[in-house]
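> Pasting a predicted model and its sequence here:
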Amino acid sequence: MAAHGKGKKRGLPVEHENEERWLLTYADMLTLLFALFMVLFSISSVNISKYQVLQQSLKAAFSGSILPGGRAILQSGSESTAAHTPATAAVPSIVPLQPTPTSQSSDSIGSANAFTSAQTAASARPMTSAELQAALNSMSASIAEQDELLGLERQLNAYAKSHGFANQVKAIVNRRGLVVQVLTDNLLFQSGQATLQPAGRPLLNEVAMLLNVDKTHPITVEGYTDNVPIHSAEFPSNWELSTARATTVVRYLISRGVNENRLGAAGYADLHPVASNATAAGRTLNRRVDIVIERLNPEPPS
């Protein structure tokens, strides 16, 4: 009996199952969700000051002057003397690529110079907050001016269509500004003449009214002819004829209240044709007067 009792194993303690272990998993999940929402919030919130600091840092990094040692570090050796010539030529610093235009019209010279100067200044040093604000103001002015020119374009084309001038008058906005092309035949002038015809006066009255809306943009009136030579007592060549026609339109616009300080006249004879002078239809399109409302701000990006 004693031996039987001695060999009997003692009972192990019963292990109770923890029914609250799910709280740990739930707490971990809440922590991860909180971290996820914080990351999403930080991505969606743009810190302007930090963005400007990043912009300045990137410009400084690509300006070629952020590394200590200046341009000496760009040499192939530590120094260059008469006794020790570098094996290779100096490596230039990183410079932004500049587009090389094949041609540039006179109306875009001011805009190109403004953008080139701003780009050169930005690549040389970080942009300050004042310069950034000035750039934003310039862009805003360009967009507002573009909207104004497009509004004038719509009004002029609608007037020409409603009064039967759609085939002789066309307004278009381009890099120069708003260009109103008026074919001269049977509307403004008779062949070989520079006297304004009554048929063209209502159109010029409408143009003058629209020009007086803003009273700020400079205006250039340009006369063009075809390549058929003219030899008269009044006009020895197409140069005199084209210039006289532009001057006639300028004088009429002044008589309708347009400020003469905004106006200019130019004659280009048979230069800059819009169609071929080999056909009668093409020569008709080339005999025209362009009224150009010039931009005061660079053309905004499309």
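Arrived safely, thanks for sending.

> what bridges to the residue nearest to N157 when sequence neighbours are not counted?
The shortest distance from N157 to any non-neighbouring residue, by C-beta to C-beta, 6 or more residues apart in numbering, is to A171 (5.2 Å). Every C-beta, even on glycine, is put in place using the N, C-alpha and C of the backbone. Per DSSP bridges, the residues bridged to A171 are V180.

> Now do the contacts for A171.
A171 makes contact with L152, E153, L156, N157, A160, L178, V179, V180, Q181, according to C-beta atoms under 8 Å, 6 or more residues apart in numbering.

> tell me the secondary structure for E19?
The three-state label given to E19 by DSSP: H, G, I helix; E, B strand; the rest coil is coil.

> Can you tell me how far it is from A27?
E19 is 16 Å from A27, where distance means C-beta to C-beta, to the nearest Å.

> Tell me which of the two has more neighbours.
A27 (10 against 7; other C-beta atoms under 10 Å).

> how long is stretch 191-209 from one end to the other?
28 Å (C-alpha to C-alpha, to the nearest Å).

> Tell me the buried residues in it?
By 16 or more other C-beta atoms under 10 Å, the buried positions in stretch 191-209 come out as Q193, A194, L196, G200, L203, L204, E206, V207, A208.

> Mind putting the residues you listed into JSON lines with distance to F37, secondary structure and pLDDT?
Shown next, in JSON lines, are those (distance: C-beta to C-beta, whole Å; DSSP: H, G, I helix; E, B strand; the rest coil; pLDDT from 0 to 100):
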{"residue": "Q193", "distance to F37": "79", "secondary structure": "coil", "pLDDT": "93"}
{"residue": "A194", "distance to F37": "76", "secondary structure": "coil", "pLDDT": "95"}
{"residue": "L196", "distance to F37": "73", "secondary structure": "coil", "pLDDT": "95"}
{"residue": "G200", "distance to F37": "69", "secondary structure": "helix", "pLDDT": "93"}
{"residue": "L203", "distance to F37": "64", "secondary structure": "helix", "pLDDT": "93"}
{"residue": "L204", "distance to F37": "66", "secondary structure": "helix", "pLDDT": "95"}
{"residue": "E206", "distance to F37": "61", "secondary structure": "helix", "pLDDT": "93"}
{"residue": "V207", "distance to F37": "60", "secondary structure": "helix", "pLDDT": "93"}
{"residue": "A208", "distance to F37": "62", "secondary structure": "helix", "pLDDT": "94"}
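
> my read: L187 touches G200, true?
Yes - if you go by C-beta atoms under 8 Å, L187 and G200 touch, sitting 4.8 Å apart.

> Which residues are in contact with each of those two?
Joint contacts of L187 and G200 (C-beta under 8 Å, 6+ apart) do not exist.

> Check which helices and strands the lengthiest helix in the chain is in contact with.
If you go by DSSP state H, the chain has its longest helix at helix 129-162. Packing partners of helix 129-162 (3 or more C-beta pairs under 8 Å, 6 or more residues apart in numbering; DSSP states H and E): helix 109-124, strand 169-173, strand 177-183, helix 201-211.

> Buried residues in the shortest one, which are they?
Along strand 169-173, these residues count as buried under the neighbour rule (16+ other C-beta under 10 Å): V169, K170, A171, V173.

> and which of those is nearest to N286?
Nearest to N286 among the buried residues of strand 169-173, counting by C-beta to C-beta, is K170 at 13.8 Å.

> so how far is S138 from that closest one?
Relative to S138, and taking C-beta to C-beta, K170 is found at 30 Å.

> Also M38?
According to C-beta to C-beta, M38 and S138 sit 38 Å apart.

> The two - which one has more neighbours?
Taking neighbours as other C-beta under 10 Å, M38 and S138 compare with S138 leading, 16 against 10.

> isn't that one right next to N297, touching?
Yes - between S138 and N297 there is a contact at 6.6 Å, judged by C-beta under 8 Å.

> start to end distance for stretch 224-241?
First-to-last distance for stretch 224-241 - C-alpha to C-alpha - comes to 9 Å.

> what pLDDT, on average, does that stretch get?
Mean per-residue pLDDT for stretch 224-241: 95.

> outside of that stretch, which residues touch it?
192, 194, 223, 242, 244, 267-273, 277, 283-284, 286-290.
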